[in-house]
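Asker: Pasting the sequence and the predicted coordinates here, then a few questions.
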Amino acid sequence: MKQNPLIIRINLLIITLLLTGSGLQAQLTADDYKHAREVNRQFSDKMLNGPIRPVWIGETNHFWYMVRTSQGNEYVLVDGDSGTKSAAFDPAKLADKLGKATGKEIEANKLLFWRITFSDDLKMVDFDYEGHTWTYEPKKNRLTKGEAVQSRRPPGGRNWSESRDELESRPVYSPDSSKVAFIQDHNVWVRDSDGRNSVKLSNDGTAGYYYSSYMHWSPDSKKLVATKFRPAVKHMIQYIESSPADQVQPKYSEMEYTKPGDELPHRVPTLFLVDEKKQFPVDDLLFNRQFSLGSFSWTKDSRALTFEYNQRGHQVYRVLELDASNGSVRTLIEETSPTFIHYSGKRYRYDINDGEQIIWASERDGWNHLYRYDGKSGSVINQITKGNWVVRNVLHVDEKNQSILFTASGKEPGIDPYLQHLYRVSFDGSGLTKLTEGDGNHQISMSPDNSLFIDTWSTVTNPPISVLRKVADGSTVLELEKADVSQLEEAGWRAPEVFVAKGRDGVTDIWGIIVRPLNFDPNKKYPVIEYIYAGPHDSHVPKNFSPTTGLQTYAELGFIVVQMDGMGTSNRGKAFHDVCYKNLGDAGFPDRILWIKAAAKKYPYMDTTRVGIYGTSAGGQNSTGAVLFHPDFYDVAVSSCGCHDNRMDKIWWNEQWMGYPIDESYEKSSNVVNAKNLKGKLFLIVGEMDKNVDPASTFQVVDALIKAGKDFELLVVPGMGHSGGGDYGDRRRMDFFVKHLLGVETPDWNKEE
């Protein structure tokens, strides 16, 4: 039936009024996109006097840094002993010399070197410029051109996922250089370093269970530990590069890529007394369910060799000692957990006085803390740090004064629990002292002799300050730089807002940030976009000041953009972290949804009836999971290079959280298995040459969506690796949110120049 023209005009008028009243426009232009994509560029050079990236010079207490000031780039040299700073060189003289040598016009205040090295005596400065190395002597004003810059990438090398070749020809010299150990016909041999007197030490190596060429001599050159190695079948994944740059036809390749549940190799160390030609087989009872066996290290007196055993499933971790007199093995430290031991992020061990005592990190009391062990008995002497806070990094162990320098977060009341400070504590747990001042996230750079440290701190709202401090008492030796953001603020920049809300338990604080458009109008309603990366290996919300953020790009299109760390991420207590155990599909969503709702309650201009989400890699899994597991809250998702089923991704990252053996928890968290639950809008992006996450993981989601009769969008980028899709993918991501959250037309890109 033909509609009345008057009714059509009235409907169009109503739609226009609704769009105008809600702060929306009928169409975004190419210029709107250009502004959004270039917004960070207008701020990138507006902050002066910070942050700095100091570099210590050799083993001295001198360091240098470059800082951008109102006068241009300045290179500063600091004498930490005297607490003074000066120009590292005369930039006008260097620019003049460099200009004459290269035939180019060089402005002194724009000198920028990507590599620069000072000699310990400060007499010479080496740097790279225009494809060559140069040496400048400031006092003599002498410039010397060196050789062409060589690529600093190491030649060859293995892909990150490729296991090392245990059979490669790799002779290992004894510490006194008198002997050489080598593998021949799968067995251990030793010969004199002059090539004479070869002796076969083992006879039990076979093609299927052979001795590795990675061997370990004792310091006294009398003992040798070689690892007997049983290989596993390698898991290979295949790639088709459809559009290579150097030929018309596709290229085919494969890559080793071990996945959860795959068979793993097995290692057993064997002790040899070289002069006696005696072999001690080692019982593997204490390390027979290996995920890994490593960190082999002899004691200085050659009495024993220690090594570490990570049991598959990551619920048992042992420091073991092999007695060099008889080959027996005993446990020095045993760590257990009913969930997982975060070996990949929190393992720390330091042997004191050749293993007489051991400093060890553990979450056994619910928080990441340091313990002191008796290296002989294997018993705990004392817990060094304790409390409802976490040790983040150990920077120095001072054996002479029996103290430890470490960073920690969550200890100071009333501040963001992720912000780090520097502390010192004695081995016995006494004398815990905070050495940093100032509300912020403190980034520390220790002097070579550990008597001084450079302290740079900031928050997302407060610009960085850098000072030089004494380790002895934390006192300030020299104020280095304080960032000036006046130009940044004059240009219209606005800081993210730090926002805190309660998590699913109604008690735990969830921390995040809110980013608004520069032309923000509180009288308008804005759809919400969440940027997500819920990888349990870390926390991910920015804690340091930055004038630029990728979140601002999306905000400029007319969105409120948010990011938060939900339960299941790291750097809080163990209970907070354990939410991810066998439960990566959770991704902290119960906390995230409550956080966004709390923010919207405080700020009614946040429209929670229109919520989008995007992420890459683990974030790609998370963002797709949002519209599958929580379709009544999340409406639109864009996911790049996602590990959509944890059985398809790399073994170390996924078994760390999901455990072993493979069980139904993997299916429960799988976007493939749960693809049938899709209600909202989903856009998948994948690079055909992704070497981080198997691209097949995305295609399996596609297959499941098709079989479930679901509508979605897919972008396969030829030749692309692990990324968000490049510039084209970024623009398509923007289009998807503009179309499905703002509800307006995107530019006709095929007609744009």
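Answerer: Now that the structure is in, tell me what you want to look at.

Asker: Parallel or antiparallel, list what pairs with the biggest strand by length in the chain.
Answerer: Determined from DSSP state E, the single longest strand within the chain is strand 606-616. Applying DSSP bridges to the sheet, strand 606-616 is found paired with strand 526-531 (parallel), strand 636-640 (parallel).

Asker: Export the ones you listed as TSV, with columns for mean neighbour count.
Answerer: For glycine as for every other residue, the C-beta is placed from the backbone atoms N, C-alpha and C. Below are the strands paired with strand 606-616 laid out as TSV (neighbours: other CB atoms under 10 Å):
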stretch	mean neighbour count
strand 526-531	25
strand 636-640	29
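
Asker: okay, and the helix or strand of this structure with the least pLDDT?
Answerer: The helix or strand of the chain with the poorest confidence is helix 5-21; it has a mean of 43 (mean pLDDT, DSSP states H and E).

Asker: coming back round to it: pull out the buried residues from the longest strand of the chain.
Answerer: Judged by neighbour count using 16 or more other CB atoms under 10 Å, the buried positions of strand 606-616 are 606, 607, 608, 610, 611, 612, 613, 614, 615, 616.

Asker: shaky segments in the stretch 551-700 of the chain?
Answerer: The model of the stretch 551-700 of the chain has no residue with pLDDT under 70.

Asker: Likewise for the chain?
Answerer: The model of the chain has pLDDT under 70 over residues 1-26, 151-158.

Asker: Kindly report the domain assignment for it.
Answerer: 14-44+493-746, 55-148 (automatic domain parsing).

Asker: Just give me how far the first one sits from the chain centre.
Answerer: Between the mean C-alpha point of domain 14-44+493-746 and the mean C-alpha point of its chain there is a distance of 19 Å (CA atoms, centre = their mean, to the nearest Å).

Asker: any chance you could map the strands in the stretch 251-400 of the chain?
Answerer: 251-256, 266-273, 278-280, 290-298, 304-311, 316-323, 329-336, 349-352, 357-362, 369-374, 380-383, 390-398 (DSSP state E, counting those that start in this stretch).

Asker: correction: the stretch 401-550 of the chain
Answerer: Counting by DSSP E, counting those that start in this stretch, the strands of the stretch 401-550 of the chain are 403-409, 420-426, 433-434, 441-446, 452-458, 465-470, 476-482, 497-502, 509-515, 526-531.

Asker: Any chance of CSV for the buried residues of strand 606-616, columns distance to residue 50?
Answerer: Shown next, in CSV, are the buried residues of strand 606-616 (distance: CB to CB, whole Å):
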residue, distance to residue 50
606, 32
607, 37
608, 37
610, 38
611, 36
612, 34
613, 33
614, 31
615, 30
616, 29
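
Asker: Report the two of those separated the most.
Answerer: Using CB to CB, these span at most 25.0 Å, a distance reached by 607 and 616.

Asker: Tell me how many other residues surround residue 177.
Answerer: Burial measure for residue 177: 9 neighbouring residues, criterion other CB atoms under 10 Å.

Asker: Not counting sequence-adjacent ones, nearest residue to it?
Answerer: Spatial nearest neighbour of residue 177, chain neighbours left out: residue 193 (5.7 Å); criterion: CB to CB, 6 or more residues apart in numbering.

Asker: got the contact list for the one you found?
Answerer: Counting by CB atoms under 8 Å, 6 or more residues apart in numbering, residue 193 touches 173, 174, 177, 178, 179, 180.

Asker: Could you tell me which of the residues you listed belong to strands?
Answerer: 173, 179, 180.

Asker: on that earlier part again, what angle do strand 509-515 and the longest strand of the chain make with each other?
Answerer: On the basis of axes from the mean of the first three to the mean of the last three CA atoms, to 10 degrees, strand 606-616 is oriented at 90 degrees to strand 509-515.

Asker: what sits up against strand 606-616?
Answerer: Here strand 606-616 makes contact (CB under 8 Å, 6+ apart) with 525-533, 559-560, 596-597, 599-600, 621-623, 626-627, 633-642, 722-724, 733, 737, 740-741.

Asker: now stretch 346-358
Answerer: For stretch 346-358, the surrounding residues in contact (CB under 8 Å, 6+ apart) are 295, 297, 299-301, 304, 306, 308, 317, 319, 332-333, 359-361, 363, 368, 370, 372-376, 381, 394, 397, 399, 427.

Asker: What's the PyMOL syntax to select whichever of the residues you listed are buried?
Answerer: To isolate the buried members of the contacts of stretch 346-358 in PyMOL, using 16+ other CB under 10 Å:
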select buried, resi 299+304+306+308+317+319+332+333+359+360+361+363+368+370+372+373+375+381+394+397+427
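
Asker: After the strand or helix carrying residue 188, which helix or strand is next? Please name it.
Answerer: In this structure, residue 188 sits in strand 187-192 according to DSSP states H and E. Sequence order places strand 199-200 as the next helix or strand after strand 187-192, per DSSP H and E.

Asker: Show me what that next one is packed up against.
Answerer: Strand 199-200 is packed against strand 187-192, with contacts defined by 3 or more CB pairs under 8 Å, 6 or more residues apart in numbering; DSSP states H and E.

Asker: For the strand it packs on, buried residues please.
Answerer: Neighbour counts over strand 187-192 (16+ other CB under 10 Å) mark 187, 188, 189, 190, 191 as buried.

Asker: Quickly compare the domains of the chain and say which is most buried.
Answerer: domain 14-44+493-746 (a mean of 20; mean count of other CB atoms under 10 Å).

Asker: contacting residues around residue 550?
Answerer: Residues in contact with residue 550 (CB under 8 Å, 6+ apart) are 40, 531.

Asker: Can you tell me which of the ones in strands among the contacts of residue 193 has the most neighbours?
Answerer: Counting neighbours by other CB under 10 Å, residue 179 leads those with 21 neighbours.

Asker: Could I get the contacting residues of it?
Answerer: Here residue 179 is in contact with 173, 190, 191, 192, 193, 221, 274 (CB under 8 Å, 6+ apart).

Asker: Could you take the residues you listed and lay them out as CSV, with extra columns for distance to residue 672?
Answerer: Shown next, in CSV, are the contacts of residue 179 (distance: CB to CB, whole Å):
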residue, distance to residue 672
173, 51
190, 53
191, 55
192, 59
193, 57
221, 55
274, 54
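
Asker: Just give me the closest of those residues to residue 576.
Answerer: The shortest approach to residue 576 among the contacts of residue 179 belongs to residue 173, at 48.5 Å (CB to CB).

Asker: you'd agree residue 633 is up against residue 595?
Answerer: No - using CB atoms under 8 Å, residue 633 makes no contact with residue 595, being 11.6 Å away.

Asker: before we move on, the earlier item: looking at the ones in strands among the contacts of residue 193, which is nearest residue 581?
Answerer: residue 173 (45.2 Å).

Asker: What residue, apart from its backbone neighbours, is nearest that closest one spatially?
Answerer: Closest residue to residue 173 apart from its sequence neighbours, by CB to CB, 6+ apart: residue 180 at 5.5 Å.

Asker: beta partners for the one you found?
Answerer: In beta-bridge terms (that is, DSSP bridges), residue 180 pairs with residue 173, residue 191.

Asker: dump the residue contacts of the one residue sitting closest to the centre of the chain.
Answerer: Residue closest to the mean C-alpha point of the chain, counted by CA atoms, centre = their mean, is residue 538 at 7.5 Å. Under the criterion of CB under 8 Å, 6+ apart, the contact list for residue 538 reads 345, 569, 570, 571.
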